[in-house]
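> Sharing a model prediction with you, sequence too.
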Amino acid sequence: MTIEWTDDQIKELMRLWDQGLPTSEIGRLLGTTKNAVVGKAHRMGLSKRQSPIRKKVEVSRVIRLSELRAGMCCWPIGEPGTAEFRFCGKTAVPSKPYCAEHCAKAYVSGKERKETEAA
């Protein structure tokens, strides 16, 4: 479905876009859809904006030895004996002591190790 944009709608779109209104709100104010607004803004070359969808940020918690439990990654981080020393604490891979990221570091095949050393 193609919508015909009037000069007034285009001016209003640019004004609302510059104000930073969400595309769904701009669409509602202009009597069109969010996708129509996004498409028109793209075709007009309006500046890109940050996505309103926020990725889940994993909060890095300090896990001390006394807090480690079964199923938690026990990869050490930092220098033992210092205040910053801690453990990863993410969910461990079943039947392994580490999370997937640290398993990739810990379990390197002999062939991979030789290739790395040769490089």
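Good, I have the coordinates.

> CA only for contacts and neighbour counts going forward, please
Fine.

> now for the helix ranked longest in the chain, which elements pack on it?
Taking DSSP state H as the criterion, the chain has its longest helix at helix 7-19. Other helices and strands packing on helix 7-19, by 3 or more CA pairs under 8 Å, 6 or more residues apart in numbering; DSSP states H and E, are helix 23-30.

> hmm, who's touching the helix it packs on?
9, 12-13, 16-17, 33-38 (CA atoms under 8 Å, 6 or more residues apart in numbering).

> could I get these as a markdown table with distance to R69, pLDDT and neighbour count?
Listed next are the contacts of helix 23-30 as a markdown table, based on distance: CA to CA, whole Å; pLDDT from 0 to 100; neighbours: other CA atoms under 10 Å:
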| residue | distance to R69 | pLDDT | neighbour count |
| --- | --- | --- | --- |
| Q9 | 59 | 94 | 14 |
| E12 | 57 | 94 | 15 |
| L13 | 54 | 94 | 23 |
| L16 | 52 | 93 | 18 |
| W17 | 50 | 92 | 20 |
| T33 | 50 | 93 | 17 |
| K34 | 47 | 92 | 17 |
| N35 | 47 | 93 | 12 |
| A36 | 51 | 94 | 18 |
| V37 | 50 | 93 | 22 |
| V38 | 48 | 92 | 18 |
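
> which one among those residues gets closest to T82?
W17 (50.4 Å; CA to CA).

> need the contact list for that closest one.
Counting by CA under 8 Å, 6+ apart, the residues that W17 touches are 23, 26.

> now, the most widely separated pair of the contacts of helix 23-30?
So, the contacts of helix 23-30 by CA to CA: farthest apart are E12 and N35, at 16.3 Å.

> Now do the helices in the chain.
Using DSSP H, the helices of the chain run over 7-19, 23-30, 34-44, 100-106, 110-118.

> from the ones you listed, which stretch is densest packed?
Comparing the helices of the chain by mean neighbour count (mean count of other CA atoms under 10 Å), helix 23-30 comes out on top with a mean of 17.
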